[in-house]
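J.: What follows is a predicted protein model with its sequence.
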Amino acid sequence: MKTLHTKICLFLLVWSAPFWAQSQTNDESLVKEGRKSIEIDVNSIDRYYEQRKQQQSGMASTSELDTADIQDPIDDLQNQPLINNVFYETDLRQAIQDIATQADISIVADNTVQGYVTMEIIDLPMEVALKRLLSVGGYTFKKLDGYYLVGSPDPSNPSFGLLSTTTSIPVNYIPVAQAVSLLSDYFAPFVKANIETNSLIVTGSPEIIESIKSDLKSIDQAPKQVMIKALVLEVKNADMLSAGIDWRFLGSQDNSALGGTAKLSTGLIDTLSAIFSFVRAGTGILPSGMSYSFMASINALATDGLAKIRANPSVVTTNAQPASIYISKEQYFSVVTGPVNYPYTRLEQVSVGIKLDITPFISDNNEITVKVVPEVSDAVGAGREGLPLVDRRTVNTTVRVKNNETIIIGGLTQENTRKVQNKIPILGHIPILGLLFSHTEYVKEVTDIIVFVTPEILNNM
């Protein structure tokens with residue numbers, strides 16, 4: 001019996017000898033790789049802490065250090081264990097524990113983790129493998145003090161406070177309230193608006209924070225800017241007729257009524273009657289190449305006293321944002337009010353002048369849709385009981401033009417009747433008899449207000 005036991009032991013020893021040799025060879029190679037890895041890790045750690053000491057002592061700033069070296073080597077993916085596994089309809093919690101066993105780390109899954117997974121993982125660092133595994137159910141993880149916590153990034157999850165982080169994301173070009181409204185409703189529980197700093201305060205998992213940053217980048221774009229050049233011209237019909245310009249000239253067949261578009265030739269530009277009859281018909285567009293000749297004609301009219309430039313402002317606004325130009329004057333009227341036995345006088349203030357509300361919308365091909373609302377008002381006197389009378393003329397129109405074309409808005413006509421008295425010197429001032437040496441007539445004046453608006457797209461800096 002003793003001899004049989006000895007023979008069996010010798011047989012097992014001879015049979016297992018090749019495996020012992022192979023195991024010893026593998027162990028030697030693992031030891032060599034381990035020594036090499038330890039040397040790399042030690043050098044990386046020494047370099048890391050040396051740079052930290054330099055930064056704290058002020059010898060080097062963060063910008064001067066290599067950001068790859070400044071990262072804690074313990075968190076480097078290259079130093080994490082590689083995961084190899086195949087999961088087929090495996091319970092997700094079991095799959096998480098399998099990865100934890102392979103990596104020799106502690107992973108804790110909260111009560112929200114559930115479901116099944118089918119996946120093949122080959123030579124992936126532990127955190128990459130875990131992230132890929134959890135993406136199936138929309139879960140996230142966070143490394144805490146000595147372990148990993150896995151759970152749902154839902155704010156209703158009791159573990160949300162441990163799984164989430166809070167960060168501030170600046171919004172550069174649009175109001176933060178608008179940015180919040182443009183983001184997906186899915187992100188609403190994670191986002192709050194800081195109006196004072198125009199930034200988003202986001203509390204969520206790293207995946208949610210990165211998704212919000214990505215979506216915000218496509219939303220928060222620098223808008224194009226538009227310079228609005230406006231000219232408000234006042235022309236009296238009597239002055240134009242005395243200059244030989246007839247308002248009744250109908251122009252060419254290309255002219256259009258209110259809201260239409262027309263192309264003017266250079267010959268018509270040279271003929272002022274054609275220009276003003278065109279704009280008096282309604283709204284038109286003057287091509288950009290004719291603006292200089294046209295403005296020269298306007299300046300000539302103003303110099304000769306045939307027209308009056310009421311306003312010539314310029315303003316810059318961004319795409320789809322309204323711009324307002326208001327040039328006004330304050331007039332006061334005395335109004336008697338109160339009971340009959342105790343009347344008193346108060347001053348009534350009236351603001352009159354020129355107001356322009358302009359909103360440009362720029363298309364991808366640099367065409368501009370302009371919404372224009374001009375208003376011209378004048379105090380024409382006092383009515384019954386001394387109340388002020390204000391004459392207002394307004395138009396509301398939307399026109400599409402090319403860059404640097406001029407929109408022309410006409411037809412804002414005002415009629416005034418004024419009393420004109422002519423007297424013979426000395427004799428016309430004699431009481432009663434002076435009526436025989438004077439003449440009184442009522443003159444009707446027709447005044448046209450013409451508005452020119454030229455939008456020009458500015459190149460973004």
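T.: Okay, I see it. Numbers count the residues shown, from 1 in each chain.

J.: What's the end-to-end length of stretch 132-152?
T.: End-to-end distance for stretch 132-152: 15 Å, by Cα to Cα, to the nearest Å.

J.: Going by neighbour count, which residues in that stretch are buried?
T.: Buried residues in stretch 132-152, counted by 16 or more other Cβ atoms under 10 Å: L133, L134, Y139, T140, F141, K142, Y148, L149, V150, G151, S152. For every residue, glycine as well, the C-beta is placed using N, CA and C.

J.: Let me know the closest of the residues you listed to S214.
T.: T140 (16.5 Å; Cβ to Cβ).

J.: How much space separates the closest one from F333?
T.: T140 sits 71 Å away from F333, going by Cβ to Cβ, to the nearest Å.

J.: if you go through the stretch 201-350 of the chain in chain order, where are the strands?
T.: Assigned by DSSP state E, counting those that start in this stretch, the strands in the stretch 201-350 of the chain fall at 225-236, 283-286, 307-311, 314-318, 323-337, 344-362.

J.: Serialize those to TSV and add fields for mean neighbour count, distance to D448 and mean pLDDT.
T.: Formatted as TSV, these follow (neighbours: other Cβ atoms under 10 Å; distance: least, Cβ to Cβ, whole Å; pLDDT from 0 to 100):
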stretch	mean neighbour count	distance to D448	mean pLDDT
strand 225-236	20	5	87
strand 283-286	23	14	60
strand 307-311	17	9	83
strand 314-318	14	23	92
strand 323-337	13	18	82
strand 344-362	16	14	86
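
J.: Can you classify the residue nearest to A222 when sequence neighbours are not counted by secondary structure?
T.: Among residues not flanking A222 along the chain, Y173 sits closest, at 5.1 Å (Cβ to Cβ, 6 or more residues apart in numbering). Classification of Y173 by DSSP: H, G, I helix; E, B strand; the rest coil places it in coil.

J.: State the pLDDT value of Y173.
T.: We have a pLDDT of 93 for Y173.

J.: and if you look at L163?
T.: 95.

J.: pull the longest strand from the chain.
T.: strand 438-458 (DSSP state E).

J.: Give the pairing partners of it; include direction for each.
T.: strand 225-236 (antiparallel), strand 406-423 (antiparallel) (DSSP bridges).

J.: shaky segments in this protein?
T.: For the chain, the stretches with pLDDT under 70 are 1-76, 237-302, 304, 382-387, 416-420, 428, 460-461.

J.: would you list every one of the helices in it?
T.: Taking DSSP state H as the test, the helices found in the chain are 2-57, 67-70, 92-103, 126-134, 160-163, 176-182, 206-219, 237-242, 266-270, 272-280, 291-303.

J.: Now do V180: how many residues are near it, please.
T.: A total of 16 residues lie near V180 under the criterion other Cβ atoms under 10 Å.

J.: what's around the closest residue to it other than its chain neighbours, how many residues?
T.: Nearest residue to V180 in three dimensions, chain neighbours excluded: A193, at 5.0 Å (Cβ to Cβ, 6+ apart). Using other Cβ under 10 Å, A193 has 18 neighbouring residues.

J.: on that earlier part again, which one of the buried residues of stretch 132-152 is nearest P313?
T.: T140 (55.2 Å).

J.: Can you say which of the strands paired with strand 438-458 is nearest to P388?
T.: The nearest among the strands paired with strand 438-458, by Cβ to Cβ, is strand 406-423 at 15.6 Å.

J.: Please export the C-alpha coordinates of the closest one as CSV.
T.: The C-alpha trace of strand 406-423 is given here as CSV (Å, rounded to 0.1, in the frame of the first residue of the first chain):
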residue,chain,number,x,y,z
THR,A,406,-33.0,101.0,-49.1
ILE,A,407,-36.6,100.6,-48.1
ILE,A,408,-38.7,103.7,-49.0
ILE,A,409,-42.0,104.3,-47.2
GLY,A,410,-44.2,107.1,-48.5
GLY,A,411,-47.8,108.3,-48.3
LEU,A,412,-47.7,109.8,-44.8
THR,A,413,-49.5,113.0,-45.9
GLN,A,414,-50.6,115.8,-43.7
GLU,A,415,-52.9,118.7,-44.7
ASN,A,416,-52.8,122.0,-42.9
THR,A,417,-54.8,125.1,-43.5
ARG,A,418,-53.2,128.4,-42.4
LYS,A,419,-54.5,132.0,-42.5
VAL,A,420,-52.5,134.4,-44.7
GLN,A,421,-53.2,138.2,-44.5
ASN,A,422,-51.7,140.7,-46.8
LYS,A,423,-51.8,144.5,-46.0
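
J.: give the contact list for the nearest residue to L82 once chain neighbours are set aside.
T.: In space, and not counting its chain neighbours, L82 is closest to D123: 5.0 Å by Cβ to Cβ, 6+ apart. D123 sits next to L82, I83, N84 when contact means Cβ atoms under 8 Å, 6 or more residues apart in numbering.
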